[in-house]
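1. attaching a predicted model along with its sequence, questions to come.
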Amino acid sequence: MDISHIEHIGIAVRKLEEAIPYYEKVLGLKCYSVEEVADQKVKTAFFKVGQTKIELLESTDAEGPIGKFLEKKGEGVHHIAFAVKGIEGAITEMESQGVQMIDKAPRKGAEGLHIAFLHPKSTGGVLTEICEDKNK
Ligand code: ZN
């Protein structure tokens, strides 16, 4: 699999408006985008840190993946996302290496990325996303 960099780190928060001031006022980062991803039942806020982004995730549905995560574990790091070239091939390669994929085909994520999640059972407990920006 051809990983170029860490595309983003996903962090689960209860309320974006309560979390954003820490990133902006304390860390001095700038929130450049807030976007709802209906498919994943989340509202996201993005910050750039060099080539990598911080993606804050607020749940829009208690039964969605972030809603359940918050219920179980509370706020904190939710997933790490690697930028890859050729996401379809990367999924096939991961499966051939015995990695359990949550997504067997890419789907649309925030910012128009094509994304797929690896199951934390196969990744040492780290929910891992691979993503590709096909517009680049
Ligand atoms: Zn993500």
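-> That came through fine.
2. every contact and neighbour count from this point should use C-alpha atoms.
-> Will do.
3. what's the helix or strand for Tyr32?
-> In this structure, Tyr32 is located in strand 31-37 according to DSSP states H and E.
4. and that strand, which strands flank it?
-> In the sheet, strand 31-37 lines up against strand 42-49 (antiparallel) (DSSP bridges).
5. check which residues of the strand it pairs with are buried.
-> 42-48 (16 or more other Cα atoms under 10 Å).
6. thinking again about what came up before, need the CA coordinates for the strand holding Tyr32. CSV is fine.
-> Below are the C-alpha coordinates for strand 31-37, written out as CSV (Å, rounded to 0.1, in the frame of the first residue of the first chain):
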residue,chain,number,x,y,z
CYS,A,31,-11.1,26.2,11.6
TYR,A,32,-11.4,26.4,7.8
SER,A,33,-14.4,24.2,7.3
VAL,A,34,-17.5,22.8,9.0
GLU,A,35,-19.3,20.1,7.1
GLU,A,36,-22.1,17.6,7.9
VAL,A,37,-21.6,14.1,6.6
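7. so what's the residue count around the nearest residue to Gln100 once chain neighbours are set aside?
-> Nearest residue to Gln100 in three dimensions, chain neighbours excluded: His119, at 5.5 Å (Cα to Cα, 6 or more residues apart in numbering). For His119, the neighbour count with other Cα atoms under 10 Å is 18.
8. need the pLDDT of His119.
-> At His119, the pLDDT value in this model is 97.
9. from Thr128, how far out is it?
-> 7 Å (Cα to Cα, to the nearest Å).
10. the lowest-mean-pLDDT helix or strand in the chain packs against which elements?
-> Of all helical and strand segments in the chain, the minimum by mean pLDDT, DSSP states H and E falls on strand 107-108, at a mean of 91. When contacts are defined as 3 or more Cα pairs under 8 Å, 6 or more residues apart in numbering; DSSP states H and E, strand 107-108 sits against strand 114-118.
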